[in-house]
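Visitor: Sequence first, predicted coordinates after that:
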Amino acid sequence: MYAVEFKDVSRVYVNGEHEQRALDHVNLQLEQGKFIVILGPSGAGKSTMLNLIGGLDSPTEGTILIGGQDISKLTNNELADYRADTVGFVFQSYNLIPTLTVIENVALVKEIAHDPLSSHDMLKAVGLLDHKHAFPSELSGGEQQRVSIARALAKNPKILLCDEPTGALDSETGVMVLKLLLSMAREMGKTIIVVTHNQNIAKMGDVVVRVKNGKVVYCEEQQNPLSVEEVDW
C-alpha cells in the first residue's frame, strides 16, 4: 500500500471563460516513510499537489488515495478528521497566533492530534526552547518559521507536507531543520513531502518528482541520496 497515490488526477480552475489546468491527468505512487522532494518551476502544479494531498482542495477529475483511503470522496467533516489525524503542514506563511507564546502555539496541536509529541522536545529540536515564552512578534521571520515547523512536527502526522520549509531560514538553521525532517522519515517512518526550488535538497531525496505544466515528467527513487553533511551548501 502506498502512502500517496494519484490516479489520473486533474485540477482545473475556472475564472469566467478562462480555464487553468493546474494538474493534468497525473498518475503518481509514493511509498511510505520516504523523504520525497517535488521540483518544478513556478506555476508547475507543485503546491496544487500539496493542497490535494492535504485535503485542502479536491480534484476536478481522478482519485487520490492516502494509505489506501480515497480522500477525494470524503465529506467536509471527514476531511477535517483526515487533516487532524494524518497530515501536517509547513507552509511559507507561518500562521502563528500573535497573542499566544511560542510554546502555546506549538501546544495547540494537542487539541486535535490523537498522539502528539512533546511541545518542549520539538522546540528543542528546532533550537528555540530558550524562546518558548516569547511572542511571535518578538521573533525574526526565520524563527517564526521554525516555530511553525515545531508545531507541525508536534502533531506527529503520518505525512508532513512542506512548501519551501527552509526558504526563510539562514543556511545553518536550514541545515538543522533538514536534518530533523530527514530523521522523521528515516528513523520514525514518516512520509515527508517537500516542495522546493533548491536542487541541493533534491540531492537528499529518497524520491525526486519533477513537475512541469501540470504533469509529472519524472519520478524516480535515488539509490544513494546524500546526507545533509554531504551536500555542498
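Guide: Thanks, I have it. Numbers count the residues shown, from 1 in each chain.
Visitor: how far away is the residue most central in space within the chain from residue 149?
Guide: The centroid of the chain falls nearest to residue 161 when counting by CA atoms, centre = their mean (1.2 Å). Shown here: residue 161 relative to residue 149, a distance of 12 Å by CB to CB, to the nearest Å. To be clear about C-beta, it is placed using only N, CA and C from the backbone, and glycine gets the same treatment.
Visitor: which residues do those two both contact?
Guide: residue 90 (CB atoms under 8 Å, 6 or more residues apart in numbering).
Visitor: thinking again about what came up before, tell me who's in contact with the residue nearest to the centre of the chain.
Guide: So residue 161 contacts 50, 53-54, 87-90, 193 (CB under 8 Å, 6+ apart).
Visitor: what secondary structure does residue 121 sit in?
Guide: Recorded secondary structure, residue 121: helix (DSSP: H, G, I helix; E, B strand; the rest coil).
Visitor: quick one: buried residues of the helix or strand of the chain with the lowest mean pLDDT?
Guide: Within the chain, judged by mean pLDDT, DSSP states H and E, the helix or strand with the poorest mean is helix 171-186; its value is a mean of 86. Within helix 171-186, the residues scored as buried using 16 or more other CB atoms under 10 Å are 173-178, 180-182, 184-186.
Visitor: Select from the contacts of residue 161 the one having the most neighbours.
Guide: Among these, the one with the most neighbours (other CB atoms under 10 Å) is residue 193, at 27 neighbours.
Visitor: Surely that one forms part of a helix?
Guide: No. Under three-state DSSP, residue 193 sits outside any helix and is assigned strand.
Visitor: shift numbering so it begins at 216
Guide: Renumbered: residue one is now 216, and that last one reads residue 408.
Visitor: Could you measure from it over to residue 305?
Guide: Between residue 408 and residue 305 the computed distance is 10 Å (CB to CB).
Visitor: Could you give the number of residues near the nearest residue to residue 422 once chain neighbours are set aside?
Guide: Nearest non-adjacent residue to residue 422, counting by CB to CB, 6 or more residues apart in numbering: residue 251, 4.6 Å away. When counting by other CB under 10 Å, one arrives at 23 neighbours for residue 251.
Visitor: pretty sure residue 251 contacts residue 419?
Guide: No. Residue 251 is beyond contact range of residue 419, at 10.6 Å (criterion: CB atoms under 8 Å).
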